[in-house]
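Undergrad: Structure of the sequence below:
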Amino acid sequence: MEMDERDYNLVDVEKEIAKKPITIGSKKNKLNIILLALVIFLILVIATLIILYFTVLKKNGEEKKEGDSKDEEKKEEFFYVFTNIKTSENNKIINSFGEKGKNYIEEIGNINNGNDYNSTDRDNLDLCIPYGVMENKTNYTTILLDIHGGGWIAGYKNDAKELCKDEIYKNFIVATMSYTLLNGQYKEYHLFRIIDEIHAALTTLKYFLTKIGFDENKLEVVIKGESAGSHLSLLYSYMIKDPPIPIKMIINNVGPITLNPDYLLQTKPNADPLDNITQTDIDNALNKSLLIPMNGSATGVLMNNTMGMMFINALFGKPFFDSFNEIFSNIATGELNKNSSKYKELMTKVKYFEPTTYVTEESIPTLCLYGGKDFMLGVYQYALLKKAFEKCNNNNISLVYFKYGTHLIFDNSTGEYGKKVNETYKEEIYRYYKSYLDSYKKNNYV
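TA: Residues are numbered from 1 along each chain as shown. Down below sits the predicted model:
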């Protein structure tokens with residue numbers, strides 16, 4: 001609808017009315033009233049439209065901004081999750097430690113007669129890929145491979161999606177794996193079988209990710225473990241020199257470094273945790289008997305059962321499974337017969353199950369977490385690993401010491417102390433990322 005060139009507003013209209021009083025009843029006045037009413041109506045309509053226009057425009061802008069925010073939030077929370085991906089090939093796991101295998105150890109012998117292992121229902125992994133990582137497949141990409149604990153006889157793969165939500169791993173693909181437990185059901189198997197299963201899991205990850213579009217030359221791995229899972233992480237990463245995907249760092253969460261009962265030392269109950277974990281502090285603690293053997297009665301806890309479990313399930317396997325009566329003076333309590341020939345034979349082989357045996361000047365950077373109140377695997381474990389690195393002039397190892405932490409490392413991390421140690425942990429882990437991960441160095445992650 002077009003209007004004349006005159007500018008209409010309510011003030012002008014009111015002035016016009018004041019100038020020319022209207023006499024009701026006159027045809028001319030009635031016409032003027034009608035025209036004036038139309039003008040006022042048009043002015044009101046135009047004013048209303050203008051107000052509505054700017055109101056709706058502003059509202060749409062706010063809704064769009066809010067919508068963008070929600071979209072970004074969805075992207076942060078949305079993951080592609082793949083579960084129970086089989087890691088065996090033709091229902092077999094390659095035995096690399098048999099006599100014809102590339103990792104054969106003569107002192108250990110021809111494990112499982114050199115045959116490949118039959119797959120178990122635990123030879124699988126879960127995979128969680130963040131939305132943003134999936135959208136940028138040509139970037140350098142870090143995979144976190146998480147290996148659960150449980151003394152080699154228990155446990156199950158962790159929730160990959162929950163790990164993926166952790167801010168520390170927000171730029172990573174997260175994979176969690178299960179492995180064959182060395183319990184009574186699978187007593188014929190050997191610790192090195194699990195090493196082969198880790199290799200199979202990494203092989204599968206490389207194949208799967210390449211198949212869905214990731215660049216195999218830009219993949220890298222951080223291996224993280226808890227307790228026995230940390231032991232497996234360290235053993236695999238130091239021992240195996242040709243992993244399917246390059247391993248850039250290890251997160252060692254209270255992993256056993258030695259399986260020799262004489263060196264499984266922990267802080268004495270009721271004693272204050274050590275303030276620092278240097279070799280000098282360790283030596284002083286040993287001289288003052290503040291550190292005692294894990295299988296000693298002075299712990300006030302029946303730890304011999306734990307020792308027996310560790311030996312039975314981690315070390316024995318088929319070659320030693322029939323020798324319990326000779327190795328143990330009391331199987332029920334786990335007391336060892338250190339004078340038996342089988343025990344002495346076992347001790348000559350223990351070193352092949354210890355990560356320190358394979359440390360070199362090129363060993364993978366390792367971030368360690370240990371607690372001062374851990375009565376299963378004490379801080380002496382870190383001292384052993386640190387000494388092995390120093391012997392090889394390798395400085396790529398550090399410790400975040402949870403002074404009051406238990407075997408569940410974040411226990412007792414409360415108050416100001418907890419805040420400080422958790423901040424230290426985050427600072428140290430990001431320092432490792434920025435120092436060793438291509439994804440952080442080349443993708444400009446903060």
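
Undergrad: show me the residues around residue 384 that make contact.
TA: By C-beta atoms under 8 Å, 6 or more residues apart in numbering, residue 384 lies in contact with 257, 258, 263, 356. Quick note: C-beta positions are derived from backbone N, CA and C, even for glycine.

Undergrad: host element of residue 229?
TA: Assigned by DSSP states H and E, residue 229 belongs to helix 228-239.

Undergrad: Which residue, neighbours along the chain excluded, lies closest to residue 85?
TA: Distance criterion C-beta to C-beta, 6 or more residues apart in numbering; nearest residue to residue 85, sequence neighbours excluded, is residue 125 at 5.3 Å.

Undergrad: quick one, phi/psi of that neighbour?
TA: Main-chain dihedrals, residue 125, degrees, to the nearest 10: phi -140, psi 160.

Undergrad: contacting residues for it?
TA: With contacts defined as C-beta under 8 Å, 6+ apart, the neighbours of residue 125 are 84, 85, 87, 157, 175, 176, 177, 178, 201, 204, 205.

Undergrad: Check whether the third one really touches residue 204, as I assumed.
TA: It stands for residue 87. Yes - the pair residue 87 and residue 204 passes the contact test of C-beta atoms under 8 Å, sitting 4.5 Å apart.

Undergrad: for the contacts of residue 384, which one is nearest residue 130?
TA: residue 257 (33.1 Å; C-beta to C-beta).

Undergrad: So that closest one is in contact with residue 381, correct?
TA: Yes - applying C-beta under 8 Å, one finds residue 257 in contact with residue 381, separated by 4.4 Å.

Undergrad: which residues does residue 113 contact?
TA: For residue 113, the contact set (C-beta under 8 Å, 6+ apart) comprises residue 98.

Undergrad: Check it and give its pLDDT.
TA: Predicted confidence (pLDDT) at residue 113: the value is 84.

Undergrad: got it, and residue 369?
TA: We have a pLDDT of 96 for residue 369.

Undergrad: Among the contacts of residue 125, which ones are in strands?
TA: 84, 85, 175, 176, 177 (DSSP state E).

Undergrad: mind showing which ranges of the stretch 51-200 of the chain have poor pLDDT?
TA: 51-77, 184-188 (pLDDT under 70).

Undergrad: which residues of it fall in helices?
TA: 131-135, 160-165, 191-211 (DSSP state H, counting those that start in this stretch).

Undergrad: Deepest-packed of those helices, please.
TA: helix 191-211 (a mean of 21; mean count of other C-beta atoms under 10 Å).

Undergrad: Tell me the gap between it and the middle of its chain.
TA: Centroid displacement of helix 191-211 relative to its chain, using C-alpha atoms, centre = their mean, to the nearest Å, is 17 Å.

Undergrad: what's downstream of that helix, the next helix or strand?
TA: The helix or strand immediately downstream of helix 191-211 is strand 219-226, counting by DSSP H and E.

Undergrad: Just want the angle from that following strand to helix 228-239.
TA: Taking axes from the mean of the first three to the mean of the last three C-alpha atoms, to 10 degrees, strand 219-226 and helix 228-239 form an angle of 140 degrees between their directions.

Undergrad: packing partners for strand 219-226?
TA: Counting contacts by 3 or more C-beta pairs under 8 Å, 6 or more residues apart in numbering; DSSP states H and E, strand 219-226 is packed against strand 141-147, helix 191-211, helix 228-239, strand 247-253.

Undergrad: That one: partners in the sheet, and parallel or antiparallel?
TA: Partners of strand 219-226 in the sheet, by DSSP bridges, are strand 141-147 (parallel), strand 247-253 (parallel).

Undergrad: With distance to residue 233 and mean neighbour count as extra columns, can I get those strands in CSV?
TA: Shown next, in CSV, are the strands paired with strand 219-226 (distance: least, C-beta to C-beta, whole Å; neighbours: other C-beta atoms under 10 Å):
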stretch, distance to residue 233, mean neighbour count
strand 141-147, 5, 25
strand 247-253, 6, 24
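
Undergrad: Now, of the ones in strands among the contacts of residue 125, which are buried?
TA: Buried members of the ones in strands among the contacts of residue 125, scored by 16 or more other C-beta atoms under 10 Å, are 85, 175, 176, 177.

Undergrad: Just the closest of those to residue 238, please.
TA: The closest of those to residue 238 turns out to be residue 177 (C-beta to C-beta; 18.5 Å).

Undergrad: Looking at strand pairing, list the partners for the closest one.
TA: According to DSSP bridges, beta-bridge pairing links residue 177 with residue 125, residue 147.

Undergrad: ok, now how distant is it from residue 161?
TA: The spacing between residue 177 and residue 161, counted by C-beta to C-beta, to the nearest Å, is 15 Å.

Undergrad: what do you get for residue 284?
TA: Going from residue 284 to residue 161 by C-beta to C-beta gives 45 Å.

Undergrad: For the spatially closest residue to residue 212 that is not a sequence neighbour, give me its contacts.
TA: Closest residue in space to residue 212, ignoring its immediate chain neighbours: residue 137 at 7.8 Å, by C-beta to C-beta, 6+ apart. For residue 137, the contact set (C-beta under 8 Å, 6+ apart) comprises 212, 213, 214, 215.

Undergrad: Which of those are buried, as a ChimeraX select command?
TA: Buried subset of the contacts of residue 137, written as a ChimeraX selection, criterion 16+ other C-beta under 10 Å:
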select :214
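
Undergrad: Just name the closest of the contacts of residue 137 to residue 340, please.
TA: residue 214 (52.3 Å).

Undergrad: That closest one and residue 140 touch, don't they?
TA: No - at 10.2 Å, residue 214 and residue 140 do not qualify as touching, with contact defined as C-beta under 8 Å.

Undergrad: Give me the neighbour count for residue 427.
TA: Counted by other C-beta atoms under 10 Å, the residues lying close to residue 427 total 10.

Undergrad: and it, what pLDDT?
TA: Note for residue 427: predicted pLDDT of 96.

Undergrad: buried stuff in the host helix or strand of it?
TA: Taking DSSP H and E as the definition, residue 427 sits inside helix 415-436. Buried residues in helix 415-436, defined by neighbour count with 16+ other C-beta under 10 Å: 418, 421, 425, 428, 429, 432, 433, 436.
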